[in-house]
Structures are given as C-alpha cells and as structure tokens.
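Q: Fold the following and give me the result.
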Amino acid sequence: MSIDVLHEKIRKLKNPSMIDFGIKEANLPAHLLEEEGNWLKAYVRFCRELMEGLKGLVPAVRFPFGAFALMGGEGLDALSGLLHSACDMGFYVVMDSPEILSPWAADRIAETVFLEGSKFPCDGLIVSPYIGSDAVKPFVPACKDGKELFVAVRCPNKTASELQDLMTGSRLVHEAAMDMVKRFGEPVFGKCGYSRINALVSAGSPSGLKNLRAKHPRTFLLVDGLDYPSGNAKNCSYAFDKFGYGAVVCAGPSVTAAWAAGESDGRDFVQQAVGAAERMKKNLTRYVNIL
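A: Numbering: from 1, shown residues only. Sure thing, here's the model as predicted:
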C-alpha cells in the first residue's frame, strides 16, 4: 500500500519533500566527468552519492526514464541499478513514465514497470493523461495491488497554460483531467484515506491548488516545480490537508545543483544538496504543520 508508506515516511521525517534527479549536463560537477571518463558513469555516481547524503532527510526521490533511455541499453541498465539502490535505501521511489502516445504503449508500460520483479522497480509512476483514459486504465489493476499512479494534470512549465488552462465547456482542460483521475481513483484508496491514482500539479498556481484541494479532498497531490520562479513554499502549502498530509512537493536542480548556485567547484555537491534540502524542508514546514 504505497500511498500509506509515503504518508508514513513523510510523517516520520516531518518532511513532505521529493527530489528529482533529472539534471542538465551543465549541472554535473566537472570533477566527476574527469574521474569517471564519461557522462553516464559520472551521472550514476552523482545520483548515488546524492542519495547517500539525502537518506534519512528526504522521504522520496524521482528519476526520469527518458533521460536514461536516450543513452541506450547502458543507460537503462544504469537506471535499473539506481532504482534498486533507491529502494534499498528506503526511499519512496517515483519514475517518470516512458512516453505514452497509444493505448498499446500504455498496456506495455503497465505490464513492464508494474510487473513483480520488474527491471525498473518503483512505488509510483508519472504519466500524461492527454491521450485520454487509455493512458490511465491499464495501470488500475496494479494500483489496486498497492502501486501508485501520478497523472500529470497541470504541469509547472510556463507554456502549460497554452493547453491545460483552456476552457472546455464549464471546466478548464486540467480540471477535466482531474475529474478523470478522481473517477479512476475512487475504487483504490489506501488506509490513509487517499487514493492510489493521484495527480501531478503545478507549484506555481496557488489558486489552482486551492481549487483542486477543495474539489478533490481524497486525491493525493504531487506538487511539481518548486524550482520554477513562480513556485514557492506558501503556494505549495495549499495542496495539503489540515493535518499536513495529502501532498508531496518536488524540487530538482535547486537541490541537486545547489553547488552551482553556491559558486562551488562542485566537489562539495553532496553537502550543498543536503543544505538545500534542509532549507526546503524548513521553508515547507513553516506553512505545513505535519501532525
């Protein structure tokens, strides 16, 4: 029952944070590239050392399937190893799904990723719903068995509004997507009272978060984009219920590449990331009281 596991990790650590390990090449410390000899080996070392540093502080981590897939078979083997390591370290593990552009692709991904003994072990998977319900339906059986699905309802990037905030009848497009999430999520609740089919939403829209939280009190919200200029801890707080549950906030380079913002040479990238993660926790818990 992974949603219950995530809630328990957040409660235990008093920290509703998730760290995204997707990075740009410029955010990889130069000494790792020099010592490892290639991008993939340096990236894997970067991720492993960061996870070791963040273990016991941050409850959840996120990995991008696509970034590793673009590096071929070796990249996918590396992703598999990192996912196994993250599970072994006790993190709640989320993976961005491979691209779903057809019902067949959704079926295949559900069979591959959520299969017991999968090469890509994770507690939750992020998918886009914008081919319709065919993108969600194949994952429902695994969610009934305890896996998690996060449907990207409202993305945090600036141009998401060009499509996701358009009106469709009396609703915005992302509100229609959220209604679909609720429909699929109703039969699969965890003991904590939240569904195992949930939504990824934007940290940059406080009014949107208030609206979605009020209309969907039993949908867990993965609040993405704390790194974006419009994202801040106060905005994110509107995603939580009165007990400080029901949401987790995801950040990436503001933590993983904190060494660059600190004008370091990168050799202290782990310490810089830990410091940034601690500040993220402090900022969030100024507004979110986790009981």
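Q: Give me the residues contacting the helix or strand encompassing residue 283.
A: Element membership of residue 283, judged by DSSP states H and E, is helix 269-287. Contact with helix 269-287 is made by 14-17, 19, 29, 46, 49-50, 52-54, 57-58, 226, 232-234, 236-237, 249, 251, 254-256, 258-259, 262, 264, as judged by CB atoms under 8 Å, 6 or more residues apart in numbering. (Glycine included, C-beta is placed from N, CA and C.)
Q: mind listing what residue 224 touches?
A: Taking CB under 8 Å, 6+ apart, we find residue 224 in contact with 155-156, 200-203, 250.
Q: ok, what's across the strand from residue 221?
A: residue 199, residue 247 (DSSP bridges).
Q: Tell me how far it lies from residue 166.
A: In this view, residue 221 and residue 166 are 21 Å apart by CB to CB, to the nearest Å.
Q: can you check residue 289 too?
A: 36 Å.
Q: which non-adjacent residue is nearest residue 211?
A: Spatial nearest neighbour of residue 211, chain neighbours left out: residue 175 (7.8 Å); criterion: CB to CB, 6 or more residues apart in numbering.
Q: quick one: contacts for the one you found?
A: 211-212, 215.
Q: Tell me both backbone torsions, phi and psi, for it.
A: Backbone torsions for residue 175, taken as degrees, to the nearest 10, come to phi -70, psi -40.
Q: Also residue 14?
A: Residue torsions, per degrees, to the nearest 10, at residue 14 are phi 50, psi 40.
Q: Surely it touches residue 290?
A: Yes. Between residue 14 and residue 290 there is a contact at 5.1 Å, judged by CB atoms under 8 Å.
Q: Correct me if wrong: residue 81 contacts residue 44.
A: Yes. The pair residue 81 / residue 44 is scored as a contact, 7.2 Å apart, by CB under 8 Å.
Q: between the two, who's got more neighbours?
A: residue 44 (21 against 14; other CB atoms under 10 Å).
Q: Distance-wise, check residue 280 relative to residue 220.
A: As judged by CB to CB, residue 280 and residue 220 stand 19 Å apart.
Q: Among the two, which residue is more densely surrounded?
A: Set residue 280 next to residue 220 and count neighbours by other CB under 10 Å: residue 220 wins out with 27 against 23.
Q: Contact partners for the more buried one?
A: Counted by CB under 8 Å, 6+ apart, residue 220 has contacts 3, 6, 194-195, 198-199, 246-248.
Q: now the helices: where do they sit in the stretch 101-250 of the chain?
A: Counting by DSSP state H, counting those that start in this stretch, the stretch 101-250 of the chain has helices at residues 103-113, 140-144, 161-164, 173-185, 206-215, 233-237.
Q: So for residue 25, which of those sits nearest?
A: Minimum separation from residue 25 across the helices of the stretch 101-250 of the chain (CB to CB) falls at helix 103-113, 26.2 Å.
Q: What is that closest one packed up against?
A: Where contact means 3 or more CB pairs under 8 Å, 6 or more residues apart in numbering; DSSP states H and E, helix 103-113 is packed against strand 124-127.
Q: since we're on the closest residue to residue 114 other than its chain neighbours, how many residues are nearby?
A: Nearest non-adjacent residue to residue 114, counting by CB to CB, 6+ apart: residue 142, 3.7 Å away. Applying other CB under 10 Å, we find 20 residues neighbouring residue 142.
Q: likewise residue 90?
A: Look at residue 90: counted by other CB under 10 Å, it has 11 neighbours.
Q: Let me know the pLDDT of it.
A: Note on residue 90: pLDDT of 97.
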